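**Student:** Below: sequence and its predicted model.
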Protein chains: 2
Amino acid sequence: MKKTHKRSDCPVSRALDILGDKWTLLIIRDIVFGGFRFYNEFLNSGEGIATNVLSDRLKLLEQNGFIESKQYEKQRTKKLYLLTEKGIGLIPIVVELLIWGFDFDTSLPIPEDRKVIIARMKYDKENLIKEITESVRKHDSKNFC
Amino acid sequence: MKKTHKRSDCPVSRALDILGDKWTLLIIRDIVFGGFRFYNEFLNSGEGIATNVLSDRLKLLEQNGFIESKQYEKQRTKKLYLLTEKGIGLIPIVVELLIWGFDFDTSLPIPEDRKVIIARMKYDKENLIKEITESVRKHDSKNFC
DNA sequence: CCGGATCCGTTTCGATACTG
DNA sequence: CAGTATCGAAACGGATCCGG
């Protein structure tokens, strides 16, 4: 499913072995900032991920302890995907990616309704991360993005 | 050289189109925290990157404005690879990756000589990032890692 | 319907050997 | 020293199928 490649002992290397692809961090972002919890939500996030790739990544994230999956009580055919504490630890990385993107990818205008949250990312980062983290822990995402 | 895949307009998506692989952010890390500037240094960083992959990634990083290459005056057969301002903007992301790695990859002991810098990453992050950034701008890397 | 699994043609990656 | 060339392996993406 994933390539096995000899790696240095640096934690960053090993982290990138799992996170270092085009999809994995987008899934994390969608959980954190989109409040996504279902397979279908990720699939229709607008990124155009294929079903098999999504399936792969969710499995890989679960195997590596970033997310956990549960039956959805209200609809037994559905599964909930939730961040673990390990996965919640990725929130600062995602926030930095977002900040970087809005700072350096100036080819697109920033939607009005995002400007507030982007400003907070930059000028009140620590508190924002705490808020988001608490929100994700309680599974009552406020759809920050 | 790189796959072209339809992407959403989100800056994070587009950033991950370039940064989202196992090698690119390691190269950035090596520039920032290792003070690396030459092809050979990246090649022998201990990560085991292949020559063509390194070549590809350096080219890609340059094409996308993250690094620039210059002739090395003291040895004309050598090339210097330096971060641009856009690349310097990635430093917070790399720092967060490092922090995450040391927090959540507990399978390896943290070397004594890194504990100080890791502590600073967590408790004096903003100032540390400023110091590193200035250091990288002046090309007198202090080998923070 | 929902969450995948499987197959398959195409693209990309990467290890090694080789070159200017 | 700094890369190319080659070529098999892996990953991708789309379509389709399947079990609940």
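**Tutor:** That came through fine. These numbers were taken from a predicted model, which means no experiment stands behind them.

**Student:** Give the residue spans of chain A that score low on pLDDT.
**Tutor:** Residue ranges of chain A with pLDDT under 70: A:1-6, A:140-145.

**Student:** and it, which residues reach DNA strand D?
**Tutor:** Chain A has residues A:1-3, A:21-23, A:48-53, A:56, A:76-77 near DNA strand D, with proximity defined as CB under 7 Å from any atom of the strand. Every residue, glycine included, has its C-beta placed from N, CA and C.

**Student:** Now go through those and say which are in helices.
**Tutor:** A:Thr51, A:Asn52, A:Val53, A:Asp56 (DSSP state H).

**Student:** For these, give me TSV that also has neighbour count.
**Tutor:** Output for those, formatted as TSV (neighbours: other CB atoms under 10 Å in any protein chain shown):
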residue	neighbour count
A:Thr51	9
A:Asn52	8
A:Val53	13
A:Asp56	17
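
**Student:** Distance check, A:Phe36 against B:Asp105.
**Tutor:** 26 Å (CB to CB, to the nearest Å).

**Student:** Neighbour count: the two, which is higher?
**Tutor:** A:Phe36 (20 against 17; other CB atoms under 10 Å in any protein chain shown).

**Student:** Hmm, the more buried one is touching A:Ser45, no?
**Tutor:** Yes - counting by CB atoms under 8 Å, A:Ser45 is a contact partner of A:Phe36 at 6.9 Å.

**Student:** shared neighbours of the two, anything?
**Tutor:** Both A:Phe36 and A:Ser45 are in contact with A:Asp30, where contact means CB atoms under 8 Å, 6 or more residues apart in numbering or on different chains.

**Student:** Sketch out the strands for chain A, chain order is fine.
**Tutor:** In chain A, the strands defined using DSSP state E lie at A:67-71, A:79-83.

**Student:** looking at the ones you listed, which is buried most?
**Tutor:** Among the strands of chain A, strand A:79-83 has the highest mean neighbour count (mean count of other CB atoms under 10 Å in any protein chain shown), at a mean of 18.

**Student:** What angle do strand A:67-71 and that one make with each other?
**Tutor:** Counting by axes from the mean of the first three to the mean of the last three CA atoms, to 10 degrees, strand A:79-83 lies at 150 degrees to strand A:67-71.

**Student:** and strand A:79-83, does that touch chain B?
**Tutor:** No - judged by CB under 8 Å from any CB of the partner chain, strand A:79-83 makes no contact with chain B; its nearest approach is 12.6 Å.

**Student:** List the single closest residue to the residue sitting nearest the centre point of chain A in space, sequence neighbours excluded.
**Tutor:** The structure's chain A has its C-alpha centroid closest to A:Ile28; by CA atoms, centre = their mean the separation is 1.2 Å. Spatially, and ignoring its direct neighbours in sequence, A:Ile28 is nearest to A:Leu90 (5.3 Å; CB to CB, 6 or more residues apart in numbering or on different chains).

**Student:** Tell me if I'm right that that neighbour and A:Phe66 touch.
**Tutor:** Yes - using CB under 8 Å, A:Leu90 makes contact with A:Phe66 at a distance of 7.0 Å.

**Student:** okay, and the common contacts of those two?
**Tutor:** A:Ile28, A:Leu83.

**Student:** Who are the contact partners of A:Gly89?
**Tutor:** Counting by CB under 8 Å, 6+ apart, A:Gly89 makes contact with B:Trp100, B:Asp103, B:Phe104.

**Student:** Take the residues you listed and, keeping just the buried ones, write it as a ChimeraX select command.
**Tutor:** Filtering these down to the buried ones (16 or more other CB atoms under 10 Å in any protein chain shown) takes a single ChimeraX command:
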select /B:100,104
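
**Student:** Go through the contacts of A:Gly89 and say which is closest to DNA strand D.
**Tutor:** B:Trp100 (21.1 Å; CB to the nearest atom of the strand).

**Student:** any idea how far the residue lying closest to the closest one once chain neighbours are set aside is from DNA strand C?
**Tutor:** Spatial nearest neighbour of B:Trp100, excluding adjacent residues (CB to CB, 6+ apart): A:Gly89 at 5.5 Å. Distance, A:Gly89 to DNA strand C, using CB to the nearest atom of the strand, to the nearest Å: 23 Å.
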